[in-house]
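Participant: Here's a sequence, model it:
(one chain, ligands or ions: 2)
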Amino acid sequence: MHTTVGIIGGGPAGLLLARLLHKAGVDSVVLESRDRAYVEQRQRAGVLEQATVDALRDCGAGERLDREGLVHHGIELRFDRRAHRVDFPSLAQGRGVTIYAQTEVVKDLIALQLAEGGPLLFGAQVREVTGADTERPAVRFAHNGREQTLTCDYVVGCDGFHGVAREAFPEHLRRTYERTYPYSWLGVLADVPPSCEELIYAHSPRGFALHSLRSPQVSRLYLQVPAGDDPANWPDERIWDELDARFAVDGDWRLERGPITAKSVLPMRSFVTEPMRFGRLFLAGDAAHIVPPTGAKGLNLAATDVIVLARAFAHLQAAGSTELLDAYSDICLRRVWRAEHFSSFMTTTLHTAPDQNPFDTRLQLSQLDRIASSPHAAAELAENYVGLPIEGP
Ligand code: FAS
Ligand code: PHB
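Facilitator: Ligands and ions are numbered 1, 2, ... in the order given. As a prediction, the model looks like this:
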């Protein structure tokens, strides 16, 4: 098998890249180790920046998103029993975000890829990438019980944090930066209408809580738990009681309860590997960087990586120039570090660390009070949350 762009990983980064390349007339093959049902049901992100929405529409995956996606024009911050709404349009040049689950994005992209072509192989376990620094890189993979090789002009590792593409970078050329936070998130899905119009991010002495949603009938909620906690420690009653305590606010707001249909614990970490390119091998999405989900950046960073990369391949196709491919890593890393900083800021401002002392808590409350009282401080949060403009042509 040979293709122009070999894509490892059929998550949002790999699938969106394949669709954007298809639109630019660049052929690709997507190799995904899991089966279709698994990748479609993986509960992850829920907030899409405008650039992500535009790219999904651009590649033909916007129809259900436009019908079912919920446009939001703000978020609510809760702290010290106070509620403060951060309005996006007035603070961030009229922009907002769209609530549309990553599971739905993946379903739409898979359906499109299977309908319109471009091979997408499920159950294809990539073993390694060879020849990344040659003109003919290759991807060795196992599929249907057979060891196979895909030769490519270029390879893109969209294989997530635990993927193999990163391993093809020579150790001495790789720089990694990481931080692990001393707490995790317990994420739950509940069959109950959301008790809020917009997302609520709550700081409380008991720890962080987030009220998000998946539809007018389904709530998505998160609460800070000890690092590595076990969902089995959290029966439904305890979850609702703890959420009630953390969302506590003066006034007559009430958290509606309902049957919890899924619960899982996810770690909180920041991670960046530099550069995002070695020879003819590129990294995109979680394969190159991880952010704590507090800033709703993970999925959107993956999308903007592949938007920049698809433009670069389209430029190579149209003008025969690799100048945008050569600029890919620098352009993306600038945006990655901005998102790393914002996600770290949201995480450390809103979570209560196990060893936190009262001085730290007063600093957090002062920062939140500053956002509630200064349009400048609020604008900085709003601009980062809705997503900064993508650099490059
Ligand atoms: P992904 O990890 O989604 O996809 C990589 C794909 O590569 C997977 O399908 C995997 O099976 C495949 N793969 C791996 N190794 C392979 C190999 N050797 N051969 C072939 N295929 C291989 N972000 C938010 O913004 N908000 C959230 O609330 C949020 N919650 C999250 C919860 C969890 C548990 C996790 C892990 C992440 C969460 N994220 C969240 C971040 C998440 O949305 C990622 O940013 C997003 O999935 C990134 O997409 P990809 O880069 O495509 O990586
Ligand atoms: C979600 O809806 O899953 C979600 C929303 C905002 C976040 C994290 C997760 O910051």
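
Participant: Mean confidence (pLDDT) on the one helix or strand residue 331 maps to, please.
Facilitator: Using DSSP states H and E, residue 331 maps to helix 323-350. Throughout helix 323-350, pLDDT has a mean value of 98.

Participant: would you list every one of the helices in the stretch 251-393 of the chain?
Facilitator: Read by DSSP state H, counting those that start in this stretch, the stretch 251-393 of the chain holds these helices, from start to end of the chain: 298-319, 323-350, 358-373, 375-386.

Participant: Other residues contacting the third one?
Facilitator: By that I understand helix 358-373. The set of residues external to helix 358-373 that reach it, using C-beta atoms under 8 Å, 6 or more residues apart in numbering, is 77, 79-80, 82, 84, 86, 203, 205, 348-350, 352-353, 377-378, 381. C-beta: built from backbone N, CA, C; applies to glycine.

Participant: same question, the shortest one
Facilitator: Surrounding helix 375-386, the residues in contact under the criterion C-beta under 8 Å, 6+ apart are 49-50, 75, 86-88, 91-93, 95-97, 295-296, 338-339, 342, 370-372.

Participant: Tell me which of the helices of the stretch 251-393 of the chain sits nearest to ligand 1.
Facilitator: helix 298-319 (2.6 Å; C-beta to the nearest ligand atom).

Participant: right, is that closest one up against ligand 2?
Facilitator: No - using C-beta under 6 Å from any ligand atom, we find that helix 298-319 stays clear of ligand 2, coming within 8.3 Å at best.

Participant: could you check whether stretch 266-281 is close to ligand 1?
Facilitator: Yes - Stretch 266-281 lies within reach of ligand 1 by C-beta under 6 Å from any ligand atom, at residue 266.

Participant: roughly how far out does that stretch sit from the chain middle?
Facilitator: 14 Å (C-alpha atoms, centre = their mean, to the nearest Å).

Participant: first vs last residue of that stretch, how far apart are they?
Facilitator: Stretch 266-281 has an end-to-end distance of 29 Å (criterion: C-alpha to C-alpha, to the nearest Å).

Participant: For the residue in the stretch 51-200 of the chain that ligand 2 sits nearest to, give its distance to residue 285.
Facilitator: Of all residues in the stretch 51-200 of the chain, residue 199 sits closest to ligand 2, at 5.8 Å by C-beta to the nearest ligand atom. In this view, residue 199 and residue 285 are 23 Å apart by C-beta to C-beta, to the nearest Å.
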